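Asker: Got a sequence here, can you build the structure:
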Amino acid sequence: MKVLHLSTHDIGGGAARAAYRLHTGLQDIGLQSQMLVQEKSSNDKTVIAPKIRLFQGIAKAKLTFECLPLKLYTQKKNTPFFIQWLPDRVISKVAQINPDIINLHWISGAFMQIETFAKLKHPLVWTLHDMWGFTGGCHVIGECDRYKVSCGACPQLNSINEWDLSRWVWRRKVKAWKNINLTLVSPSSWLAECARSSSLFQNLRIEVIPHGLDTQKYRPINQHFARETLKLPQDKKLILFGAIEATSDRNKGFHLLQPALQELSKAGWKDNFEVVIFGASQPENPPDLGFKTYYLGHLYDDLSLATVYSAADVMLVPSLQESFGQTASESLACGTPVVAFNSTGLKDIVEHQQNGYLANPYEVDDFAKGIAWILENEQRLEKLSFYARKKAEQEFTLELQARRYSALFEEILMVGKKSPFSN
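Answerer: Just a heads-up that it's a prediction; the model follows:
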């Protein structure tokens, strides 16, 4: 079976890393898997990207043109919003590879025009990494539920016009994807329910398959060694927080994390705990978190990430909305319990008071309580760490994810062969 993954990036960003992990997992179980991307960062020969510098420059120029219509919305929120209106070269490249099945991933950033989907004459499986597929352009819906009807009057565009840009994008999707041969895969139950309730995807097959990871790379490392490697203190409980744009992306919840930590500090834990942050460099004027804080900057490789998870005593994921939450699953695999809010995709990863703590959404007081509950009792912490690793081994291994996808691909291809409309 020849599988082709379409993704804007191969390893740049959380969604890309998830796609690449699946790609390597399928190879490990014997499938012929390739990736077609717009921007390649790895040295993997099975990842295909434009080699000619001219085409790479065109791709970057396209992104500038892609965003031009958004300039009409001067009060737009600073959140990702993609229109996917420019033509692309995907069809010809896919034809050269000639796969049996195509697995779509995060394809925003002017990589694929909305209308290209229906032109792909292969069975399509789309792994949802956020909400863009069923909205009028946004990737994180917030409190908006207009995607259930038709979008328009988009709060992220700060628009009160029913026939705004989000309605135009939504209508293009309705028209282009009307009779598409598409199966959806969601990494979490929450995102699957969002997709099922959407006007665009309500009639499609939706499966839930959690993101996998290499549990041999993400595994517990001796904490003393990990801290020594990262030059972190040995005599403190370390609280970890990290994500891409950890302190600037509002969806990652830093604005909730800060008061929770300040509350802990005032409650008498100031001398016992210290904070470690990755995914952001130390700002010129660091915010007051109530504790001594270490900024590790951006970490890109698995070994560095596994080391920092292992160095910590608890991982904090105060996100507002997560389609899954790979920092949470990575942390569990390294034996480090997680505190998160009892909402969205994180509910599939963190089991309350079993491998972490699920705080009431989005209550700062309860989030602070969860951190203290995990760290105040050493025997409890050891038990949580044991079950954290066990959860990852049972549900988030790369092999398990790959075999689930392989079975789905085989089923789709078998149904296609039996169909009287198949070639």
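Asker: CA atoms for contacts and neighbours, from now on please.
Answerer: Fine.
Asker: what's the first-to-last distance across stretch 287-303?
Answerer: 28 Å (C-alpha to C-alpha, to the nearest Å).
Asker: now swap in stretch 335-354 and tell me
Answerer: Chord length of stretch 335-354, first to last residue, is 12 Å (C-alpha to C-alpha).
Asker: next one: stretch 188-206
Answerer: Its first and final residues considered, stretch 188-206 spans 11 Å by C-alpha to C-alpha.
Asker: Pull out the buried residues from that stretch.
Answerer: Within stretch 188-206, the residues that qualify as buried are 188-192, 194-201, 206, counting by 16 or more other C-alpha atoms under 10 Å.
Asker: do the same with stretch 369-389
Answerer: For stretch 369-389, burial by neighbour count (16+ other C-alpha under 10 Å) applies to 369-375, 380-382, 384-389.
Asker: Same question for stretch 205-225.
Answerer: Result for stretch 205-225 [16+ other C-alpha under 10 Å]: buried residues 206-215, 217-221, 223.
Asker: The longest helix along the chain - contacts with which helices or strands?
Answerer: The residue-count maximum for a helix in the chain (DSSP state H) belongs to helix 398-418. On a contact count with 3 or more C-alpha pairs under 8 Å, 6 or more residues apart in numbering; DSSP states H and E, helix 398-418 meets helix 14-28.
Asker: Could you check the angle the helix it packs on makes with helix 398-418?
Answerer: Angle of helix 14-28 versus helix 398-418, following axes from the mean of the first three to the mean of the last three C-alpha atoms, to 10 degrees, is 80 degrees.
Asker: Put the alpha carbons of helix 14-28 into CSV.
Answerer: Provided in CSV are the C-alpha atoms of helix 14-28 (Å, rounded to 0.1, in the frame of the first residue of the first chain):
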residue,chain,number,x,y,z
GLY,A,14,3.0,20.5,16.5
ALA,A,15,0.7,19.4,13.7
ALA,A,16,3.6,18.7,11.3
ARG,A,17,5.4,16.7,14.0
ALA,A,18,2.3,14.6,14.5
ALA,A,19,2.0,14.0,10.7
TYR,A,20,5.7,13.1,10.4
ARG,A,21,5.4,10.7,13.4
LEU,A,22,2.5,8.9,11.7
HIS,A,23,4.5,8.8,8.5
THR,A,24,7.5,7.0,10.2
GLY,A,25,5.1,4.8,12.2
LEU,A,26,3.5,3.5,9.0
GLN,A,27,7.0,2.8,7.5
ASP,A,28,7.9,0.9,10.7
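Asker: Could I get the average pLDDT for the helix or strand following it?
Answerer: Counting by DSSP states H and E, the next helix or strand C-terminal to helix 14-28 is strand 32-39. What strand 32-39 shows for mean pLDDT is 96.
Asker: which ones are touching the residue nearest to residue 27 when sequence neighbours are not counted?
Answerer: Distance criterion C-alpha to C-alpha, 6 or more residues apart in numbering; nearest residue to residue 27, sequence neighbours excluded, is residue 33 at 5.9 Å. Residue 33 sits next to 2, 3, 4, 5, 23, 24, 26, 27, 46 when contact means C-alpha atoms under 8 Å, 6 or more residues apart in numbering.
Asker: Enumerate every residue touching the fourth one.
Answerer: Spelled out, that is residue 5. Residue 5 sits next to 19, 23, 33, 34, 35, 36, 102, 103, 104, 105 when contact means C-alpha under 8 Å, 6+ apart.
Asker: how does it look with 7 Å?
Answerer: With contact taken as C-alpha atoms under 7 Å, 6 or more residues apart in numbering, residue 5 is in contact with 34, 35, 36, 102, 103, 104.
Asker: repeat for the second one
Answerer: By C-alpha under 7 Å, 6+ apart, the contact set of residue 3 is 32, 33, 34, 99, 100, 101, 102.
Asker: ok, now how distant is the first one from residue 25?
Answerer: Looking back up the chat, that one is residue 32. Counting by C-alpha to C-alpha, the gap from residue 32 to residue 25 is 11 Å.
Asker: Pick out whichever of the two has more residues nearby.
Answerer: Set residue 32 next to residue 25 and count neighbours by other C-alpha atoms under 10 Å: residue 25 wins out with 24 against 17.
Asker: Check the contacts of residue 33 for burial and list the buried ones.
Answerer: With burial judged by 16+ other C-alpha under 10 Å, the buried subset of these is 3, 4, 5, 23, 24, 26, 27.
Asker: Using the three-state scheme, assign residue 126.
Answerer: Three-state assignment for residue 126 (DSSP: H, G, I helix; E, B strand; the rest coil): strand.
Asker: can I get the contacts of residue 3 in JSON lines with distance to residue 292?
Answerer: As requested, the contacts of residue 3 are exported to JSON lines (distance: C-alpha to C-alpha, whole Å):
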{"residue": "32", "distance to residue 292": "49"}
{"residue": "33", "distance to residue 292": "46"}
{"residue": "34", "distance to residue 292": "45"}
{"residue": "99", "distance to residue 292": "52"}
{"residue": "100", "distance to residue 292": "54"}
{"residue": "101", "distance to residue 292": "51"}
{"residue": "102", "distance to residue 292": "48"}
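Asker: Got a quick ChimeraX command for the buried subset of the residues you listed?
Answerer: Listed next is the ChimeraX selection for buried residues among the contacts of residue 3, using 16+ other C-alpha under 10 Å:
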select :32,33,34,99,100,101,102
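Asker: Which one of the contacts of residue 3 is nearest to residue 93?
Answerer: residue 99 (10.8 Å; C-alpha to C-alpha).
Asker: mind checking the SS state of the closest one?
Answerer: Residue 99 ends up coil, using three-state DSSP.
Asker: Phi and psi next, for it.
Answerer: Phi and psi for residue 99, reported as degrees, to the nearest 10, are phi -80, psi 170.
Asker: Hmm, residue 4 and it touching each other?
Answerer: Yes. Assessed by C-alpha atoms under 7 Å, residue 99 is found in contact with residue 4 at 5.9 Å.
Asker: Let's see which of the buried residues of stretch 188-206 end up in strands.
Answerer: Those of the buried residues of stretch 188-206 mapping onto strands are residue 206, per DSSP state E.
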